[in-house]
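*Asks:* The following comprises the amino acid sequence and a computationally predicted model.
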Amino acid sequence: MSQTTAPIRVLLVDDHAMLRAGFRTILDTQPDITVVGEAATGTEAVAQASALRPDVITMDVQMPDMDGVEATRRIVADPQVGAAIAIVTTFDRDDYLYQALDAGASGFLLKNAGAEDLIAAVRALAAGDGMLAPEVTRRVLARFTTASTTASTTASTPTSTPTPSRVDATVLADPLTEREAEVLVLLADARSNAEIAGALFIGEATVKTHVSRILQKLGARDRVQAVVLAHRMGLT
C-alpha cells in the first residue's frame, strides 16, 4: 500500500502583497507544498503561526508594527508552533541577518531569488536541513569568524575547499569525532547533504546521522545554528 505524504504547509509573511502573491503562485504549483496563510505584519505573523501551525514560514524583515526579527523570536519561543523560518531579505542590512540568526531563523533567501531557489529553500527547511544562500553564508560566516579571531588573523571568509584541521572538536564536553568534525567544516561551507556525501565518499544517510549527532553535541536547533555556534566556540 502506498503512503501519501502530507504537503509542506507554508505561511508567507511580507508587507508587499505582490511579493506574497508571487510566492504563492510559485509554491502552489508544487504537489508537495501548499500555502496555508499570509501575513502583512509581524503581529499578524505571530498570530497566524500560532493558529495555522505551518511547517515553514518565509519572513520579511522590515514590516510595520513588528519587524521580522522580533516576530521570528516570538514564534521560535512558542513550543507549540515548531515552524522553520526563512528570512527573506534584500540583503542590504547585514545586522538584520545576524539578529535573525540569534532570534532562531533557520535560513535566508534573497528577494530576487528564482522560483527554483524558493522551492528548494522551502523543501530544505521542511526537511530540517536549514538553508543559507551562498552569498549570505559567506558574509555571515565572515562576520562571526572576524569577531572570534585575533587581530593577527587574516582569514575572514570560508575557503572553497575546507580542511578538517580547522576544527578543534575537543572543546566540547562531548567531543566531536574526527568524521563529525569533517562534516561540520563542510556544513560551514554551506554544503548540502549530497555534496558532503560526495566530498567524504559516504552515503547521504550517513551524513544525516552525523549532522544529527553534531546538532545534539552543540545543542543546536538546526544546521544553520550549528554553524554559528561552531564559529562562536572557535570550532571552525
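*Replies:* Great, that's in hand. Residues are numbered from 1 along each chain as shown.
*Asks:* Check which element follows the lowest-mean-pLDDT helix or strand in the chain along the chain.
*Replies:* Of all the helices and strands that make up the chain, the one with the lowest confidence by mean pLDDT, DSSP states H and E is helix 134-148; it has a mean of 57. Using DSSP states H and E, the helix or strand that directly follows helix 134-148 along the chain is helix 178-188.
*Asks:* Go through that next one and flag the buried ones.
*Replies:* Judged by neighbour count using 16 or more other Cβ atoms under 10 Å, the buried positions of helix 178-188 are R179, E180, A181, E182, V183, L184, V185, L186, L187, A188. C-beta: built from backbone N, CA, C; applies to glycine.
*Asks:* Rebuild those as JSON lines, extending it with distance to D15.
*Replies:* As requested, these are arranged in JSON lines below (distance: Cβ to Cβ, whole Å):
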{"residue": "R179", "distance to D15": "45"}
{"residue": "E180", "distance to D15": "41"}
{"residue": "A181", "distance to D15": "43"}
{"residue": "E182", "distance to D15": "43"}
{"residue": "V183", "distance to D15": "39"}
{"residue": "L184", "distance to D15": "37"}
{"residue": "V185", "distance to D15": "38"}
{"residue": "L186", "distance to D15": "37"}
{"residue": "L187", "distance to D15": "33"}
{"residue": "A188", "distance to D15": "33"}
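*Asks:* got a markdown table for these, with distance to R221 and pLDDT too?
*Replies:* Listed next are the buried residues of helix 178-188 as a markdown table, based on distance: Cβ to Cβ, whole Å; pLDDT from 0 to 100:
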| residue | distance to R221 | pLDDT |
| --- | --- | --- |
| R179 | 22 | 92 |
| E180 | 17 | 90 |
| A181 | 20 | 87 |
| E182 | 22 | 89 |
| V183 | 17 | 90 |
| L184 | 15 | 88 |
| V185 | 20 | 84 |
| L186 | 19 | 86 |
| L187 | 14 | 82 |
| A188 | 16 | 77 |
